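Participant: dropping a prediction and its sequence here:
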Amino acid sequence: MNIKIKLIVATLSIGLFVVSCKKKDKVTCDGSNPKYNTEIKSIINNNCMPCHGPGGSDNNYSTYQTLLPTLNNGRFEKEVLTKKSMPQNKTMSNADLSKVRCWLDNGHLEN
Ligand code: HEC
């Protein structure tokens, strides 16, 4: 490889690195201890419905019971906090993300 191409490749890699870090800012817990019934249910209703409702096209997250398998297999954390690929076509507020982080850290309790 000649030096010019090497330089271009290096610049592009650094750029990509910076962009990917920015997108996946790590979510931290704000120190609160929210429960499904008191705070998380409304966050899910606001951000995941109607797509994940009883008649939705994908998993039904309208109740604690139907959400539980997705919590236990780690998909919820992966999609919402790590990849931030859910909610689809929306961005959750940092305050809501932080609450979800706390909730998962504390064992995602119902009440
Ligand atoms: C605009 C519609 C829409 C919204 C809003 C949305 N989702 Fe999704 N979600 C989908 C679709 C469609 C799929 C399946 C296809 C895919 O993975 O992209 C999916 C897949 C998922 C999966 C992977 C399921 C599995 O078992 O592999 C998880 C977890 C998930 N969503 C969580 C959420 C959560 C939590 C929210 C709210 C914070 C949310 N989604 C909001 C449409 C949506």
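Facilitator: Received it, and whenever you're ready, just let me know what you need.
Participant: doesn't Gly56 make contact with Thr66?
Facilitator: No - counting by C-beta atoms under 8 Å, Gly56 is not a contact partner of Thr66; they are 10.7 Å apart. From N, CA and C alone the C-beta is placed, and that goes for glycine too.
Participant: can you report how many residues lie near Arg101?
Facilitator: Using other C-beta atoms under 10 Å, Arg101 is surrounded by 20 other residues.
Participant: who in the protein is up against the ligand?
Facilitator: Residues of the chain found near the ligand (C-beta under 6 Å from any ligand atom) are 44, 47-48, 51-52, 57-59, 70, 75-76, 79-80, 86-90.
Participant: rerun at 5 Å
Facilitator: Asn47, Cys48, Cys51, Asp58, Thr70, Arg75, Phe76, Glu79, Val80, Met86, Pro87, Gln88 (C-beta under 5 Å from any ligand atom).
Participant: could I get those residues as a markdown table with secondary structure and neighbour count?
Facilitator: Shown next, in a markdown table, are the residues of the chain next to the ligand (DSSP: H, G, I helix; E, B strand; the rest coil; neighbours: other C-beta atoms under 10 Å):
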| residue | secondary structure | neighbour count |
| --- | --- | --- |
| Asn47 | helix | 20 |
| Cys48 | helix | 24 |
| Cys51 | coil | 16 |
| Asp58 | coil | 12 |
| Thr70 | helix | 19 |
| Arg75 | helix | 13 |
| Phe76 | helix | 22 |
| Glu79 | helix | 15 |
| Val80 | helix | 24 |
| Met86 | coil | 20 |
| Pro87 | coil | 17 |
| Gln88 | coil | 10 |
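Participant: which residues touch the residue nearest to the spatial centre of the chain?
Facilitator: Centrality entry for the chain: nearest residue to the mean C-alpha point is Val80, 1.4 Å, by C-alpha atoms, centre = their mean. By C-beta atoms under 8 Å, 6 or more residues apart in numbering, the residues touching Val80 are Met86, Pro87, Met92, Leu97, Val100.
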